[in-house]
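Colleague: Prediction below, plus the sequence it came from.
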Amino acid sequence: MGMEVAVRWISAALFIGLCSANSVEKKIYITLNATAPCVRLMNATHQIGCQSSLSGDTGVIHLVEQESNLSWVLSDGPNPPYMVLLESNMFTRDVMLSLKSSSRVSGVAAILPPSPAPGQLSPDLKCPNDGFGLYSLNYGPEYAHCNETLWNPEGNGLSYDDFPFPVFMLKDENETQVIRQCYKDHNHPREGAAPAFPLCAMQLSSHMHGVKDTVTCMRRSRGQVSITLNTDGVCDPLSDFNVWTTTQPINKSGVASPEDRFVVAAARLDSRSFFWEVAPGTDSAVSGFIVLLAAAEALARTPDVESLPKNIMFLLFQGETFDYIGSSRMVYDMTNGKFPIALENIDSFIELNQIGIGTSSEIWAHTDPVSLRNSTVNEQVQKLLASFSKVTAGMNISVRQPNQSQPLPPSSFQRFLRKRIIPGAVLTDHQASFTNRYYQSVYDLGENIGLRYPDGLTPEEALNHITDTAKALADVASLVARTLYLQAGGNGSLENITANAQTVTRMLYGFVINWNNSWFHSIISQDKNDIFTKQKHISFYVSVNEQTFSTVLVEHVLFNLTGHPANLTEEQCRDPKSIPHPDTNFFNYIWVQGTKAENASEPTPYCVRANVWLSRALSPAFELADYSSTEYSTWTESRWQKVGARIFLVASRELEIITLVTGICVLITSMVLIHFLNAKSNILFSGPQEHSSVSY
């Protein structure tokens, strides 16, 4: 009985300890909630990115504001390993590689303010998507590997390096200030002398399950599923969905006849940066697809567009940053009869690619110099260029052609030309090398394309304020819409085909400034409304195994701009096959939130009908299980269990040893005491003996 009492006391003590553990942890650690990690990505040959050890990596914080501060981390500091707090001007590839080569560094926390420092440039490669475009030893070898034109000269390749320690971006100024103050109070060297304990330390956790390359991680994922029936795996292919529509509805489940002709307008949807899901992509992606969406709206409102001799198709590709995932899958599907049209149905091709900088003056139409050697193709391309010139008459934009010996810039069009020679052009804001210094960077923001708003505007006023950038992009959209109309055989008045600057300014505000706005809410389907509560920000990173938030928004914007209200109930709209003569192979239906009427407390939802569709943007390499492919993208993203960052005070090694020894002594003493109590429990814990009564 005495032993049971002791066990109860010990159990109660453990219960109290467990209940108070969370509060103790909060007293010890300050959790950093506004961070973005660098994660591990893999392709057929190698891995890139960052990772921590299984339990996270810890180090004493040291602030690096200038190059002279590095010596403390790399050689002089007495308390390694160090967690480097890196100012934005020092977040360069040279500095990162010097930290990578040192065993005294356990991780990096980068302070990246809203505006770029002088040293902040593109972290992408100088020759983006090299090896997966058009030019090779077999086609235009003189243009392969950017030999003729170095497209991204500011690129330092940081995003494609592999780091053995965690690297996080600090996104919140208040949290950054807490870290700075902790460093100043505890870690800042005084006149070169080592600071006294306790020291301010940081722990970064971002352990990645995938290693080496895609071949290895996919093999391990398959083995894990087949042996343990665990579907978690260790990595996933980068994937999402392409979005497409046509001005003349076609059967999405059918096959176009050989004589059907399509004029294609395309743009990419995705971007990236060094840090996971921090991908603003304002010029590299957003400017192009906004122009395409505005052009689609302008043509959808053109009366005779459905009776033109040729159909017009709008394609929006996902995953283009990673070796053209979306466009290569589209070409694969077209080639193998898995898409409503075939490559042979494409009459001509116009792509919008980085169109936001300098749009008030001139646009550059890039063409493929190799295919122009074919007289028939050259004639068709010259006709396309003549259409550009014709529609710019009276506009504030001119379309110019670079030197004809210059190859195509990195573009989705290249993946189509790999399979079939198609007349076409890529429209950009750069004549040769990119004018976008922040290509695939966290700083490819609205300011990069001159997007500015007057002070003092409310969110609703900013949403509807027509900026100069919106006007410029609307002009480009009008140019594109009119050119597509001519290419499709239209002969009506071009002046009536005009992009809506109000629509463009709303898209710019929504995709660049604030996605949580009244317009996006009004056009989103009710069954997708929860995405606004789940999302903290908008990112144009392609992601894995799901339709990303940005793709959902683009799909619904295209639905709104090209669709029409349908007189259906909510039940009919959600299940259009239940209505008489359903046309679900030609049209899609969504039940949208709608807007609030005056004096109404709730918006009025309604049904919208449009021929807007999704197609899978998953590399054919994973369809074919060819994980070492050199033809298709093989990029995968590692899985992880926990990503987090926190700071705390750490004691000296001597104090830690003393604490450990003291703890061991207390443990041994406790064990001896418990053994003694157990041995003497019948004496120590027994109750008073009862005496039986004796009768005489």
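Modeller: That came through, no problem.
Colleague: From now on I want contacts and neighbour counts done on CA atoms only, so please keep to that.
Modeller: Noted.
Colleague: Name the SS class of the residue most central in space within the chain, please.
Modeller: Closest to where the C-alpha atoms of the chain average out (CA atoms, centre = their mean) is Y541, at 1.4 Å. Under the three-state scheme (DSSP: H, G, I helix; E, B strand; the rest coil), Y541 adopts coil.
Colleague: Pretty sure it sits against E277.
Modeller: Yes: using CA atoms under 8 Å, Y541 is in contact with E277, at 5.5 Å.
Colleague: phi, psi of the residue nearest to the centre of the chain?
Modeller: phi -70, psi 140 (degrees, to the nearest 10).
Colleague: In the stretch 351-500 of the chain, where is pLDDT below threshold?
Modeller: 358-360 (pLDDT under 70).
Colleague: Repeat that for the chain.
Modeller: Counting by pLDDT under 70, the chain has low-confidence residues at 1-23, 224-231, 358-360, 686-696.
Colleague: What is the three-state secondary structure of Y332?
Modeller: When classified by three-state DSSP, Y332 comes out as helix.
Colleague: do the same with N152
Modeller: coil.
Colleague: okay, now it: neighbour count?
Modeller: When neighbours are defined as other CA atoms under 10 Å, N152 has 25 of them.
Colleague: so what's it closest to, chain neighbours aside?
Modeller: Spatial nearest neighbour of N152, excluding adjacent residues (CA to CA, 6 or more residues apart in numbering): K126 at 4.4 Å.
Colleague: Tell me who's in contact with the one you found.
Modeller: Taking CA atoms under 8 Å, 6 or more residues apart in numbering, we find K126 in contact with L150, W151, N152, P153, E154, G155, N156, G157.
Colleague: Which of those has the largest number of neighbours?
Modeller: The residue in the contacts of K126 with the most neighbours, by other CA under 10 Å, is N152 (25 neighbours).
Colleague: wait, that residue sits on Y438?
Modeller: No: with contact defined as CA under 8 Å, N152 and Y438 do not form a contacting pair (9.5 Å).
Colleague: can you list residues touching both of those two?
Modeller: Residues touching both N152 and Y438 by CA under 8 Å, 6+ apart: S122.
Colleague: coming back round to it: and the residue nearest to N152, how far from M96?
Modeller: Plainly put, K126 is 18 Å away from M96 if you go by CA to CA, to the nearest Å.
Colleague: before we move on, what about H188?
Modeller: Remark: distance between H188 and M96 (CA to CA) = 22 Å.
Colleague: Counting neighbours, go ahead and name the busier of these two.
Modeller: Between H188 and M96, counted using other CA under 10 Å, the more crowded position is H188 (21 against 17).
Colleague: Setting aside sequence neighbours, what's the nearest residue to the more buried one?
Modeller: Distance criterion CA to CA, 6+ apart; nearest residue to H188, sequence neighbours excluded, is P195 at 6.5 Å.
Colleague: One more: S522?
Modeller: The shortest distance from S522 to any non-neighbouring residue, by CA to CA, 6+ apart, is to G594 (4.4 Å).
Colleague: Just give the number of residues close to the one you found.
Modeller: Neighbours around G594, by other CA under 10 Å: 21.
Colleague: now do E495
Modeller: Counted with other CA under 10 Å, residues neighbouring E495 total 10.
Colleague: Find the helix or strand that it is a member of.
Modeller: Under DSSP states H and E, no helix or strand contains E495.
Colleague: returning to that earlier point: ok, the residue nearest to S522 touching S518?
Modeller: No: counting by CA under 8 Å, G594 does not reach S518; the two are 9.7 Å apart.
Colleague: E351 belongs to a strand, doesn't it?
Modeller: Yes: using three-state DSSP, the assignment for E351 is a strand.
Colleague: If it is in a bridge, with which residues?
Modeller: Assessed by DSSP bridges, E351 has beta-bridge partners A266, V426.
Colleague: ok so, going back, if I look at the residue nearest to H188, how far off is V178?
Modeller: Relative to V178, P195 is positioned 19 Å away (CA to CA).
Colleague: Neighbour count: those two, which is higher?
Modeller: Remark: of P195 and V178, P195 carries more neighbours, 17 against 14, as counted by other CA under 10 Å.
Colleague: Hmm, D185 and that one touching each other?
Modeller: No: applying CA under 8 Å, one finds P195 not in contact with D185, separated by 9.6 Å.
Colleague: Apart from its neighbours in sequence, what residue is nearest Y438?
Modeller: S122 (4.5 Å).
Colleague: any idea how far the one you found lies from Q354?
Modeller: The separation that S122 has from Q354, given CA to CA, amounts to 14 Å.
Colleague: next one: D260
Modeller: Taking CA to CA as the measure, D260 falls 30 Å from Q354.
Colleague: Of the two, which one has the most company?
Modeller: Of the pair D260 and Q354, Q354 is the one with more neighbours under other CA under 10 Å, namely 26 against 15.
Colleague: Tell me which other helices or strands the helix or strand hosting L316 touches.
Modeller: L316 belongs to strand 311-317 when assigned by DSSP H and E. The contact analysis (3 or more CA pairs under 8 Å, 6 or more residues apart in numbering; DSSP states H and E) places strand 311-317 against strand 239-246, strand 262-268, helix 287-300.
Colleague: Tell me which of those sits nearest to I658.
Modeller: Of all those, the one in closest proximity to I658, counting by CA to CA, is strand 239-246 (52.7 Å).
Colleague: Partner strands of that closest one and their direction?
Modeller: If you go by DSSP bridges, strand 239-246 pairs up with strand 311-317 (antiparallel), strand 612-618 (antiparallel).
Colleague: mind exporting the last one as PDB, just the C-alpha atoms?
Modeller: As requested, the backbone C-alpha atoms of strand 612-618 are provided in PDB (Å, rounded to 0.1, in the frame of the first residue of the first chain):
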ATOM      1  CA  VAL A 612     -12.400  27.800 -69.200                       C
ATOM      2  CA  TRP A 613     -10.600  24.500 -68.400                       C
ATOM      3  CA  LEU A 614      -7.600  23.100 -66.500                       C
ATOM      4  CA  SER A 615      -5.100  20.600 -67.800                       C
ATOM      5  CA  ARG A 616      -2.400  18.800 -65.800                       C
ATOM      6  CA  ALA A 617       1.000  20.500 -65.500                       C
ATOM      7  CA  LEU A 618       3.000  17.500 -64.500                       C
END
